[in-house]
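Engineer: predicted coordinates and the sequence they were generated for:
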Amino acid sequence: EVQLQASGGGLVQTGGSLRLSCVVSGLTSYDYDYAIGWFRQAPGKAREGVSCISRRDGSTNYAPYVKGRFTISSDSAKSTVNLHMNSLKPEDTAVYYCAAMIGTWYWGQGTQVTVSS
């Protein structure tokens, strides 16, 4: 069973940085063409996409509201996906979730990111 474990959230001041990590387990050798993404949900708002990375070719995508500030990466074993968040703004405050699309969506638990003004 595919499982995802997110970590790295916390409280940071405006302009600060955080790194979120998502450890993926339960993959098989057949799971080579999938994507892992980061999503976030602020209080009272719908969940929105932040960034994703393809396991197959390493290509990445970013939402316009984080492009240039956030960087997604995976380790050589591709079992961990990191989201480096720089120049954080109060509007980045949300619960951040990682998820994997492997035929269906698998979600990890959220990690709270709070950016104080």
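Structural biologist: It's in.

Engineer: for this protein, give me the ranges with low pLDDT.
Structural biologist: Residues of the chain that meet the criterion pLDDT under 70 lie in 30, 76, 78.

Engineer: count of neighbours near the nearest residue to Ser116 once chain neighbours are set aside?
Structural biologist: In space, Ser116 comes closest to Gln13 once its chain neighbours are excluded; the distance is 5.4 Å by C-beta to C-beta, 6 or more residues apart in numbering. C-beta: built from backbone N, CA, C; applies to glycine. Other residues near Gln13 number 10, with proximity taken as other C-beta atoms under 10 Å.

Engineer: same check on the one 3 residues further on?
Structural biologist: By other C-beta under 10 Å, the residues close to Gly16 number 15.

Engineer: that one contacts Pro90, doesn't it?
Structural biologist: No. Using C-beta atoms under 8 Å, Gly16 and Pro90 do not qualify as a contacting pair, with a distance of 11.2 Å.

Engineer: identify the contacts common to these two.
Structural biologist: When contacts are counted by C-beta atoms under 8 Å, 6 or more residues apart in numbering, Gly16 and Pro90 have Val115 as shared neighbours.

Engineer: mind telling me what element the spatially most central residue of the chain is part of?
Structural biologist: Nearest to the mean C-alpha position of the chain, counting by C-alpha atoms, centre = their mean, stands Trp38 at 2.8 Å. Taking DSSP states H and E as the definition, Trp38 sits inside strand 35-41.

Engineer: what residues of that strand count as buried?
Structural biologist: Residues of strand 35-41 classed as buried by neighbour count (16 or more other C-beta atoms under 10 Å): 35-40.

Engineer: which residues touch stretch 9-17?
Structural biologist: Counting by C-beta under 8 Å, 6+ apart, residues outside stretch 9-17 touching it are 18, 20, 84-90, 95-96, 111-117.

Engineer: at 7 Å what do you get?
Structural biologist: Residues external to stretch 9-17 that are found in contact with it (C-beta atoms under 7 Å, 6 or more residues apart in numbering): 18, 20, 85-90, 96, 111-117.

Engineer: narrow those to those in strands?
Structural biologist: Per DSSP state E, strands hold the following members of those: 18, 20, 85, 96, 111-116.

Engineer: good, wrapping up.
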